[in-house]
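Enquirer: could you work out the structure for the sequence below:
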Amino acid sequence: MTTLPFSAKSLFDLTGRAAVVTGGGGALGSYICAGLAQSGASVAVVDLRLENAARVAAEIEAAGGKSIGIGADVSREAEVASLFAEVDRAFGAVDILVNSVSAAVERKAPEEVTLEAWQHMLDSNLTSYFLCSQAAGRRMIAAGRGGSIVNISSIGGVTALGRGAMSYGVAKAGVVQLTRETCFAWAHHKIRVNAILPCQFTNAWWAERQADPASRALVSRVLDGIPLGRLGDAQEIVGPVLFLASEAASMVTGAILPVDGGNLAMNAGGSIEW
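Expert: Sure thing, here's the model as predicted:
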C-alpha cells in the first residue's frame, strides 16, 4: 500500500487562513462562510446589507469560529479599499477570496433592457469580482505565499438561459473569463483562481416559484434541464468551494467547475428515451 506523506483529512484544513467572502449574507454565501469557518479559517463576511453580514459573522462566532461582518457595496472601488483595510486590521492577511455576489435580475427582453439596468448588472456581478480580486491579489502577491480565489459564476455564464436574463448571463460570462485571465497572470505568484458554475439552487425566489401553481411550467422546464431532477441545496455549494480553496486543490487553477446536477452535460434536445 502506498503511504501518503500527509493526512488526507489535513488537505481541507484551513486553520490559520484568512478568508473574505463577498455576498456572504446570501443564500449560498452564508453556507460558504460557515463551511470555511468550520474548516478553521477566519472569515470576513461581506454583504451589501451590514445586518446580513453581522448575522452570519455572529453565528460563526457563536459556534466558536473567528469572524467579522462588513457592510459594503463591492462594485465601488472606495468601499472595496475600505473593507480590505478592515480585513487587514482584523486578520493581517488575505489567503482566500470567494466572490459570490449575485445581484437580482431585472427580467426584460434584450431590446427592452435600459443602459442603467445593464450597467447595474455588470457593476454588481462582474466589476465587483474584478475589484475584490485585484485587492486580494495585491495582498497575496505582497505576502508571497500564494492564495486561492474562487469565483461563483453560473451555468448562465456559458449557456443562454433566456427568460430575460441576458445581462446577468453576460456578466457571469465575464466572471469566467476573469477567472482564466487572473489564473494565468498570477500562477507564478502561486495564486490559484477557479470558478464554479451552479445551476438553479433553492432560495427564497425559487421557493416562491415552486409554491406558485402559475409557475408550474417554469419549474418543470428547469427541472427537466437538470439530470439529477432537483434544484441544488445551498449546503451543496460548500464542498466544491472548500475543495478549491484548500490544499486539496493545490494543482487546480483555471478550472471552470459545474455544480449543476448534470445540466451542462446534457444537450438541449437530449433524452434518456429513444
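Enquirer: report all helices and strands that the helix or strand of the chain with the lowest mean pLDDT contacts.
Expert: For the chain, counting by mean pLDDT, DSSP states H and E, helix 204-211 ranks last in confidence among helices and strands (a mean of 85). Applying 3 or more CB pairs under 8 Å, 6 or more residues apart in numbering; DSSP states H and E, we find helix 204-211 packed against helix 216-224. (Glycine included, C-beta is placed from N, CA and C.)
Enquirer: buried residues in the helix or strand following the helix it packs on, which are they?
Expert: Using DSSP states H and E, the helix or strand that follows helix 216-224 in sequence is helix 238-245. Judged by neighbour count (16 or more other CB atoms under 10 Å), helix 238-245 contains these buried residues: 238, 240-245.
Enquirer: in CSV, list the C-alpha atoms belonging to the least confident helix or strand of the chain.
Expert: This file holds the C-alpha atoms of helix 204-211, laid out as CSV (Å, rounded to 0.1, in the frame of the first residue of the first chain):
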residue,chain,number,x,y,z
ALA,A,204,-36.4,32.5,-1.5
TRP,A,205,-37.2,33.3,-5.1
TRP,A,206,-37.3,29.6,-6.2
ALA,A,207,-39.2,28.6,-3.1
GLU,A,208,-41.9,31.1,-4.2
ARG,A,209,-41.9,29.7,-7.8
GLN,A,210,-42.2,26.1,-6.6
ALA,A,211,-45.2,27.1,-4.3
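Enquirer: which parts of that helix are buried?
Expert: By neighbour count on 16+ other CB under 10 Å, the buried set for helix 204-211 is 206, 209.
Enquirer: how about the helices in this structure?
Expert: Here the chain has its helices, by DSSP state H, at 29-38, 50-62, 77-91, 115-122, 128-143, 166-186, 204-211, 216-224, 238-245.
Enquirer: run through who's touching the least confident helix or strand of the chain.
Expert: With CB atoms under 8 Å, 6 or more residues apart in numbering as the contact definition, helix 204-211 has outside contacts at 27, 104, 200, 215, 218-219, 231.
Enquirer: remind me which residues of the chain are low pLDDT?
Expert: Along the chain, the parts satisfying pLDDT under 70 run over 1.
Enquirer: distance between the ends of stretch 215-232?
Expert: Start-to-end span of stretch 215-232 (CA to CA, to the nearest Å) is 18 Å.
Enquirer: next one: that stretch to chain centre, how far?
Expert: 22 Å (CA atoms, centre = their mean, to the nearest Å).
Enquirer: mean neighbour count, the helices of the chain: which tops it?
Expert: Burial of these is given as mean neighbour count (mean count of other CB atoms under 10 Å); helix 29-38 ranks first at a mean of 25.
Enquirer: packing partners for that one?
Expert: Packing contacts for helix 29-38, counted by 3+ CB pairs under 8 Å, 6+ apart, involve strand 18-22, strand 42-47, helix 50-62, strand 96-99, helix 238-245.
Enquirer: so which elements touch the longest one?
Expert: Spelled out, it's helix 50-62. Helices and strands touching helix 50-62, as assessed by 3+ CB pairs under 8 Å, 6+ apart, comprise helix 29-38, strand 42-47, strand 67-71.
Enquirer: list of residues touching that helix?
Expert: 24-26, 29-30, 33-34, 37, 43, 45-47, 66-71.
Enquirer: among the residues you listed, name the buried ones.
Expert: The neighbour-count test (16+ other CB under 10 Å) marks 24-26, 29-30, 33-34, 37, 43, 45-47, 66-71 as buried among these.
Enquirer: residue 78 is nearest to which of the helices and strands packed on helix 29-38?
Expert: Among the helices and strands packed on helix 29-38, the nearest to residue 78 by CB to CB is strand 42-47 (14.5 Å).
Enquirer: give the partner strands of the closest one in its sheet and their orientations.
Expert: Sheet pairing here is set by DSSP bridges, and for strand 42-47 it gives strand 18-22 (parallel), strand 67-71 (parallel).
Enquirer: and residue 132, which of those is closest to it?
Expert: Residue 132 lies closest, by CB to CB, to one member of the strands paired with strand 42-47: strand 18-22, at 5.6 Å.
Enquirer: since that was my last question, I'll sign off now.
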